[in-house]
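In: Okay, here's the prediction I keep looking at, along with the sequence it came from:
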Amino acid sequence: MKQNCIAILGRQDKPTDAVEEYCRYLGEALLAEDFELIIERVAWSESGWTRAASALRQRAKGWRGAWVLVQYTALAWSARGFPVRFPRVLRTLKAAGARVAVVFHDVEPYSGTRVIDGLRRRAQLRAMIEALAAPIRRGRFHRSHEKYFLDQTAPRQRTLHSCRSKFAHVQ
């Protein structure tokens with residue numbers, strides 16, 4: 001019996017969307033593990049954030065207990081690289097009872113020396129830190145081979161040590 005797994009994508013990148021293509025390949029690979037990957041989009045760029053969030057809440061009601069893989073790139077969740085609403089997407093999914101995992105495709109914040117670039121970088125790092133902190137209630141993140149993973153059995157102390165050390169310059 002196949003289990004459903006949902007991949008959540010933000011705004012579509014044009015003319016080609018590498019994240020969507022990645023999800024299609026992932027879906028093919030997950031079939032061998034008895035998972036069916038369903039690709040869903042949060043259409044905030046077409047309908048606005050209020051309507052998109054409402055539509056996501058409605059769809060997420062049917063995802064209780066299912067794995068939801070939220071695909072992160074800064075520009076998929078904002079028009080100009082300020083993904084300040086991205087944590088709200090995660091909270092919506094968690095509130096619906098979904099098992100949320102974030103797949104980071106662009107982990108380096110945008111560079112630049114202008115003031116706006118610094119603000120953009122800070123917003124991107126804040127969104128990523130909040131995404132890392134979202135599942136912490138059950139365990140602790142560890143760093144292994146430059147990737148983070150959640151140890152479900154670890155004690156709650158020093159919860160954000162690994163991700164805060166990487167982003168120590170963010171306040």
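Out: Sure thing, it's come through.

In: residue ranges for the strands of the chain, please.
Out: Assignment of strands within the chain using DSSP state E yields the ranges 3-9, 35-41, 67-72, 99-104, 140-144, 147-151.

In: Ranking those strands by mean neighbour count, which comes first?
Out: strand 67-72 (a mean of 22; mean count of other CB atoms under 10 Å). Just so you know, the C-beta spots here come from the backbone N, C-alpha and C atoms, and that holds for glycine as well.

In: for it, packing partners?
Out: Strand 67-72 sits against strand 3-9, helix 18-31, helix 86-95, strand 99-104, helix 115-133, with contacts defined as 3 or more CB pairs under 8 Å, 6 or more residues apart in numbering; DSSP states H and E.

In: which one of these is the most hemmed in?
Out: Across those, averaging neighbours per residue (mean count of other CB under 10 Å) puts strand 3-9 on top, at a mean of 20.

In: What is the distance between that strand and the centre of its chain?
Out: 12 Å (CA atoms, centre = their mean, to the nearest Å).

In: For Ala53, which of the helices and strands packed on strand 67-72 is the nearest?
Out: helix 86-95 (6.5 Å; CB to CB).

In: still on that earlier bit, export the strands of the chain to CSV and tack on distance to Gln58?
Out: Formatted as CSV, the strands of the chain follow (distance: least, CB to CB, whole Å):
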stretch, distance to Gln58
strand 3-9, 14
strand 35-41, 12
strand 67-72, 14
strand 99-104, 17
strand 140-144, 31
strand 147-151, 28
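
In: could you redo those strands as CSV and give each row mean pLDDT and distance to Ala123?
Out: Below are these laid out as CSV (pLDDT from 0 to 100; distance: least, CB to CB, whole Å):
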stretch, mean pLDDT, distance to Ala123
strand 3-9, 95, 20
strand 35-41, 96, 22
strand 67-72, 96, 13
strand 99-104, 94, 15
strand 140-144, 44, 21
strand 147-151, 43, 20
